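Participant: with the input below, show me the fold.
(chains A and B)
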Amino acid sequence: MSAVLAVSRRAFLCTTAGTAGAFVLGFPVRAAAQGATPEVNAWVVVHPDERVVIRIARSEMGQGTLTGLAQLVAEELECDWKNVGTEYPTPTENLKRQRIWGNFSTGGSRGVRESHEYVRKGGAAARMMLVQAAADEWRVPASQCTVDKGVISHAASGRRTSYGKVAAAAARLTPPSEVPLKDPKAWKLAGKPLARLDTVDKTTGKQVYGADLQMPGLVNAAIRACPVFGGKVKSFDAAAVAQRRGVLKVVKVGDDAVAVVADTWWRAKTALDTLPIEWDFGENAKVQQADIDAMLKAGLDADQAAVGNQNGNAVDALAAAATRIEAVYSYPHQNHATMEPMNATARWTADRCEVWTPTQNGEAALAAAAEAAGLPPAQCEVYKIHLGGGFGRRGAVHDWVRQVVAIAKEMPGKPVKLIWSREEDMTHGRYHPVTQCRLRAGVDAQGNVTALSMRISGQSIVAAVFPQNVRDGKDPVVFQGLNNGGGEAMFGYVVPNLVIDHAMRNPHVPPGFWRGVNLNQNAIYVECFIDEIAHATKQDPLALRRKLIQDPKRLAVLNAVAERVGWDRPAADVGGQKVFRGLAQTHGFGSYVAACAEVSVSKDGDLKVHRIVAATDPGHAVNPQQIEAQVEGSFVYGLSAALYGACTVKDGAIEQTNFHDYPVLRMREMPKVETMVVPSAGFWGGVGEPTIAVAAPAVLNAIFAATGIRVRDLPLAKTSLKKA
Amino acid sequence: MAKLNVNGTVRDHDAEPETPLLWVLREQLGLTGTKYGCGVAQCGACTVHIDGVAVRSCVMPVSGVQPASKIVTIEGLSRDGSHPLQKAWVALDTPQCGYCQSGMIMAAAALLKTKPRPSDADIDEAMTNICRCGTYNRVRAAIKQAAGMPTARSASAQEIIHVDRRTT
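Facilitator: Residues are numbered from 1 along each chain as shown, chains lettered A, B, ... in the order given. Coordinates of the predicted model:
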C-alpha cells in the first residue's frame, strides 16, 4: 500500500493499491523513478529486461486509443510487441517539460488523428537512437545496422545486441533532427487487428477504476447539489446526521452543494439521504420543458441568425420552386450516463494537492484541481485512471474534481474519495444540447433540388463551455456536418441555393460535448429530410443522394453499404414480418461514414432493428477490429439516444433520475452489425463518434419505409408506431 | 461481527444489516471487482452469485444473505482468469471501458450453469445488463464461444493476435 503514498515526481503512473495487493496501471515504474532506467525519449522507456514502456498522453475510456497509439509508436520503434506496456505521463510533468507530450484532451475522436505524426516520430527517433548507440559501441556506421523486434544486428561482423542492453547509452545521445516515417503501406503492427492491451484485467475484476481506489486513511464522500441548476444551498442541519455511525463531517461545497464525509461511502450516502437541506432554488425553478420548447420554436422564425454555410440565394430559389417541402425536427437534452458515475479522490495540504480521477483531459483536470486548491499547478498533480466510460462528460469541465478538492481542503492531509450516486449523475450532467430545426427544400419539375434552407434553433455548447470561441454570436461547432469544406465535418450535398444558419437559444440546463456532439442531430435533420424529399418527389433515396453527392469518398461509403445490403432488391422477410430499409451518410471527425438499417414494425407498433450495415473510411485504419468495436458501440449509443434518450425539465430540474426512467439499449434490442472498414489513405479521421450520427437517421428512414410514419420529434419513444 | 462466505472463505464484517451486499463486498471486504452502476437493480454491474444464482447485489441487504450461502464474485469466478467465459472474453477482445464487464461475465456464468448451450433468446433473457460502450454483440459471441457453440464474429476479430498482458 505504501506504493500509493510513494508516488514521486518521476513516477508517472497512477499507482493504485487494491486489496489483493498493489496494482499498477501499466508496468511498475519503480526502476524509472529511481533513475536506473532512463527514458530513451519522452515516449519510450526501455528496461534492461527488454520491457518497453510507451507513454500515452490521451486517456483510455474504452475506445481503444491506448492500444492504437501504442501500435503507432511501436511500429516505428521496431520493438517486440510482446514486450510493450503503457503508462500515462502526468499533466504536471507535461507542464514542467513544456508540453512535450502535446495535448492530453481525449475527445472529438482526436486521439489518433491529431497525434499520429508526433507519436510515430517519438517511436522512430527512439529507434534511431537505440541503433546509433549499438553502432557507436561497435564503431560501425548506424546505416549498416538493422533492427527487428528490438534486436539490433550488424550483418558484416555478425554482432547482435538488444534494445534493453543499449537503452542507457541511447538515452545519452542527442535526439536526431531529421526523423523520417514509414510509408503506411509498410506497416507491420499499425493497421493490424491486434488485441487490446487492456483486456485481461477487465475480465477478472482486477482493473482499478476511480471508485475502486483504496489508500491508507481514505475517507468517503457523498454529495448532493441543488437539483435546480443555478440554485444554492440555503441551510442544512449537520447535527441531524452527526451521530450516525461512520459520519465524520458535513461540508458545504461551493455555494450549491453539500457533502457528507464518512468512513465508508454507503454510510456517507445514507446519511446524506437523511440530511435536512434547504435550497434556494432561484429563478430557474420557474422553468418547465414547455418553456424551453417554446423558446426554441421562436428561434425558428427569428430575424437574427448566424450563417454557417450558404451559396446562391435560397430564399428566392425556394419562392420560385415548383415543389416546396418543409419539416420541423427536434432533438432533446440527453445525459451521457457513463456506467461509472463521476468520482475522484483528492488529498490536499497547504502546499500540495493530488487528485486521482478518470478524466478525458488530464490537463483540464489539473487546471480545475489547482484552481480549487488555491495552489499553482506545479504544486498539484493529477493521476489519470482508466475511465468507466467518458463520452464527453469527463473532458471539458471537471465539476466533480472541483468538488472533491473543496471537500479535501476541509480535511487537510486526508485522502477523500467522492463518488456521485447515479441519481446525482443523472440530474447534474452536462447535457447533449437541445435544438430544433426547420428545413425547406425547393424541387423543380425534373426532381432536382434547387434550394435548401436549414434553420437550427437552440443550444450552444461552446457558449457555455468555451465562450471565448464564440465569434460575433456564432458558435462554429453548431455546424458540424454542415460545413462548406474544411475536412472536419463537411456538408455532403451540392445544392445550387443553400443557406444553413443558427439562432442561438440557450436554456439554463448546462450543455456539454456528448459523444458525436452536434453531428448527431444535424445528421438526423439532413438525412431524414433528404429521405423526405426523395419520397415526396417519388425518387429512390439512394438515387437522390447519389445525384446530390460529388465527393467520391462520400459516395464510396454510401455505395459500399448499398451494395452490401443489396439495395436494388427488397429485404427478405424475418419471422413473417416484412423488413424495410433506411439509409444515412455523413462526414464527421474527419471520417466518412454510411449506414443502412433493416427494420420491421409489427401491427402493434413494436420496432425491431434486425441488421445494420455500416461503412467507415477513416483514411488510415490503425486497428480495424477496434474500429469495428467502435462502430458497433456507436450504434448502441446512437440507438439508445434515438429510441429513448430524453432528459426533460420540471421546475428547473432534470426529471430523470436513473435507468428506469432514462432507458438505454439492451442486448435483446441489439441488431446484427456488419462493419466495413474501408480506409482510402491520404487523411486521418476519427472513429469513436461519426457512426453515432448515422444510427438514428438510418433507422428513422427505415421506419418511414415500413410504416409511413415520419418521426421528427426525438426520441422515438414519444411516437406510437402502431398502425392506425 | 457477521459472517459471509465469499469466494470459498468465511469473512467477517461489521456493516449495518440493511447495507447492500454490494457495499459490504466493496468497502468491508475490499472486493472492488463488483461495480456500482445504478443502485436500483437496473444495470447489473453489481451482479454476483449467491448459491450459483445471479443476484444484483446493490439491492440485496446483507442481512438477507444466509451465513451458509455461498457468494461468488468476479474475483472468485476462477483463480487465474481461466473460466471459459473469461477466456472467450479475452479471445474476442470483448471489453471496451470494462466497467460493466464483471457483471456481464457473472450473469453469463450463471446462465451457462443452467443452460450450457443457450439460444439467442436465452441470452436475451438472461443478459439484461447495461453496457454503454456497446459490447453487446461481442458479449453474445463470447458466451457462445465459451459454450463451445459456433459464433458469427467477423474475420478480423478471429484474427486478433493474442498476447497475455497480465502484469501482476
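
Participant: how about the residue of chain B found nearest chain A: what's its closest non-neighbour residue?
Facilitator: For chain B and chain A, the shortest gap (CB to the nearest CB) falls at residue B:33, measuring 2.0 Å. Quick note: C-beta positions are derived from backbone N, CA and C, even for glycine. Setting aside the residues directly before and after it, residue B:33 is nearest to residue A:205 in space (CB to CB, 6 or more residues apart in numbering or on different chains), at 2.0 Å.

Participant: if I look at residue B:66, how far off is residue B:50?
Facilitator: For residue B:66, the distance to residue B:50 (CB to CB, to the nearest Å) stands at 9 Å.

Participant: the two - which one has more neighbours?
Facilitator: Neighbour totals were compared for residue B:66 and residue B:50, and residue B:50 leads with 19 against 11 (other CB atoms under 10 Å in any protein chain shown).

Participant: show me what contacts the residue of the stretch 401-550 of chain A found nearest chain B?
Facilitator: Nearest residue of the stretch 401-550 of chain A to chain B (CB to the nearest CB) works out as residue A:422 at 4.6 Å. In this structure, residue A:422 makes contact with A:341, A:657-659, B:37-40, judged by CB atoms under 8 Å, 6 or more residues apart in numbering or on different chains.

Participant: so which of those residues wins on neighbours?
Facilitator: Note: the member of those with the most neighbours is residue B:37, at 30 neighbours, neighbours being other CB under 10 Å.

Participant: so it touches residue B:56, yeah?
Facilitator: No. Under the criterion of CB atoms under 8 Å, residue B:37 lies out of contact with residue B:56, with a separation of 9.7 Å.

Participant: residue A:311: how many residues sit nearby?
Facilitator: The criterion is other CB under 10 Å. On that basis, residue A:311 has 12 neighbouring residues.

Participant: ditto for residue A:140
Facilitator: Neighbour count for residue A:140, taken as other CB under 10 Å: 15.

Participant: so it makes contact with residue A:153?
Facilitator: No. Using CB under 8 Å, residue A:140 makes no contact with residue A:153, being 11.0 Å away.

Participant: pLDDT of the helix ranked longest in chain B, averaged?
Facilitator: In chain B, assigned by DSSP state H, the helix with the most residues is helix B:101-114. What helix B:101-114 shows for mean pLDDT is 98.

Participant: so which elements touch it?
Facilitator: Taking 3 or more CB pairs under 8 Å, 6 or more residues apart in numbering or on different chains; DSSP states H and E as the contact definition, the neighbouring helices and strands of helix B:101-114 are strand B:47-50, strand B:53-56, helix B:74-77, helix B:84-91, helix B:120-126, helix B:136-146.

Participant: one step back: joint contacts of residue B:37 and residue B:56?
Facilitator: What both residue B:37 and residue B:56 touch, as defined by CB under 8 Å, 6+ apart, is the set B:44, B:46.

Participant: just the pLDDT for residue 32.
Facilitator: No chain specified, so I'll use chain A. 41.

Participant: nope, chain B
Facilitator: Among the per-residue scores, residue B:32 shows a pLDDT of 98.

Participant: got it, and the one 4 residues further on?
Facilitator: With respect to pLDDT, residue B:36 has a value of 98.

Participant: now do residue A:118
Facilitator: pLDDT, the model's per-residue confidence, is 97 for residue A:118.

Participant: what of the one 4 residues further on?
Facilitator: On the pLDDT scale, residue A:122 is placed at 98.

Participant: let me know the pLDDT of residue 88.
Facilitator: With no chain named, the answer covers chain A. What the model reports for residue A:88 is a pLDDT of 97.

Participant: my bad, chain B
Facilitator: At residue B:88, the model reports a pLDDT of 97.
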